[in-house]
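In: I need the structure of the sequence given here:
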Amino acid sequence: MSSTESEGKPLPSGQRPVKRLLKWGKEHPTIGVTVPKIDLNSWFLTINGEVENPARLSWNDVLKLPKTESTGDFHCVEGWTVQNLRWEGNSSGT
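Out: Now for the predicted structure:
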């Protein structure tokens, strides 16, 4: 049984089901330069411009933010889909 049949919902036109996301730069070729190495000890996210609360967050600050989870499909422009993935992300207005 294909994942399309097992999930009970049709895929968008031209998409084929795959069981999991492909690892970028390993199982899936990059479309540009190689995947960058990031030093999480010196990395910062800066939120500024036309925002009410400018902020500068370290990686550890980002990990401490409230999280939310949702389930959704990932449709790649290259013609493959992974259905019912669990997504997690920040849910605050920080």
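
In: Given the longest strand that the chain contains, what are its sheet partners and their directions?
Out: Scanning the chain for the strand with the most residues, using DSSP state E, yields strand 80-90. Its sheet considered, strand 80-90 pairs with strand 16-17 (parallel), strand 67-75 (antiparallel) by DSSP bridges.

In: Quick check: buried residues in it?
Out: Using 16 or more other C-beta atoms under 10 Å as the test for burial, strand 80-90 gives 80-83. All C-beta spots, glycine's among them, are computed from the backbone N, C-alpha and C.

In: Pick out whichever of these sits closest to residue 54.
Out: Nearest to residue 54 among the buried residues of strand 80-90 is residue 82, at 35.9 Å by C-beta to C-beta.

In: measure the closest one to residue 16 for me?
Out: Counting by C-beta to C-beta, to the nearest Å, the gap from residue 82 to residue 16 is 11 Å.

In: Can you work out which residues contact both of the two?
Out: Overlap of the contact sets of residue 82 and residue 16 (by C-beta atoms under 8 Å, 6 or more residues apart in numbering) is empty.

In: Noted, bye for now.
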